[in-house]
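Q: Sequence and computational prediction follow.
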Amino acid sequence: MTAGKAPARRQPPHEVRIVGGQWKRSKLPVLDKPGLRPTPDRVRETLFNWLGGDLTGWRVLDAFAGSGALGFEAASRGATEVTLLERDRDLLRLLRQAQQRLSATALCIQQADAMAWMARGAPGAFELVLLDPPFDAGLAASAIAVAAPLVAPAGWLYLESGEPLAEVPAGFRLHRQLRAGAVHAQLLQRDS
């Protein structure tokens, strides 16, 4: 070591932690990719508190999986079937590694364009649909439009975006919302 120079410190890996359920405190890696912005711990904790915390038996879609924080959180809290959609190969690799490390058998990770996949999806197939599209892509309104039919009666639709929801889709009501920094989170419930 040269005199006067401190040793170089290693940067800790970027990661998020699962905040509840069977994998509480487990960490998921987060790549430094343009547009990738994992849901903050506090926002995830609030969302799952709104939902009652226990998702036993639920079918869940995490349409823009990214780091997988929302989908893994749902599986950790008992969801029976969690489909994660992601089109980026590097992110898919990390999602599959985390799935294997946690023995997350409830997860189905698919390489897919979320908008196209949802447009072909079976109506009423999910108790919870999680939407967290890249903020700069301008997909919030169109994502809600294609996701809404996938939600089962009395099911839930969650949107995380860079701006408040402009309009609640027909057949849904706004249940809760919050703002945390640049994040606007809205939880909608479908009519019974």
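A: Right, received. Where do you want to start? Numbers count the residues shown, from 1 in each chain.
Q: only C-alpha atoms for contact and neighbour calcs from this point on.
A: Fine.
Q: Quick one: the helices in the chain, in order.
A: 41-50, 69-76, 89-102, 114-120, 140-147 (DSSP state H).
Q: Need the residue closest to the centroid of this structure.
A: Centre of the chain computed as the mean C-alpha position; nearest residue by CA atoms, centre = their mean is Leu70, 3.1 Å away.
Q: that older thread, which one of the helices of the chain has the most crowded surroundings?
A: helix 69-76 (a mean of 27; mean count of other CA atoms under 10 Å).
Q: what angle sits between that one and helix 89-102?
A: With axes from the mean of the first three to the mean of the last three CA atoms, to 10 degrees applied, the angle from helix 69-76 to helix 89-102 works out at 20 degrees.
Q: I would like the residues contacting helix 69-76, please.
A: Under the criterion CA atoms under 8 Å, 6 or more residues apart in numbering, residues 16-24, 28, 38-39, 44, 55, 60-62, 65, 81-84, 104, 106-107, 130 lie in contact with helix 69-76.
Q: go with 7 Å
A: Here helix 69-76 makes contact (CA atoms under 7 Å, 6 or more residues apart in numbering) with 18, 20-23, 38-39, 55, 62, 65, 82, 84, 106.
Q: Using pLDDT, spot the least trustworthy of these.
A: Within these, Pro38 has the lowest pLDDT, namely 76.
Q: Now for the closest residue to Ala114 other than its chain neighbours: which residues touch it?
A: Computed as CA to CA, 6 or more residues apart in numbering, the closest residue to Ala114 that is not its neighbour in sequence is Ala63, at 5.4 Å. For Ala63, the contact set (CA under 7 Å, 6+ apart) comprises 84-85, 114, 130-131.
Q: can you rerun that using 10 Å?
A: Going by CA atoms under 10 Å, 6 or more residues apart in numbering, Ala63 touches 70-71, 83-86, 110, 112-115, 117-118, 129-133, 143, 147.
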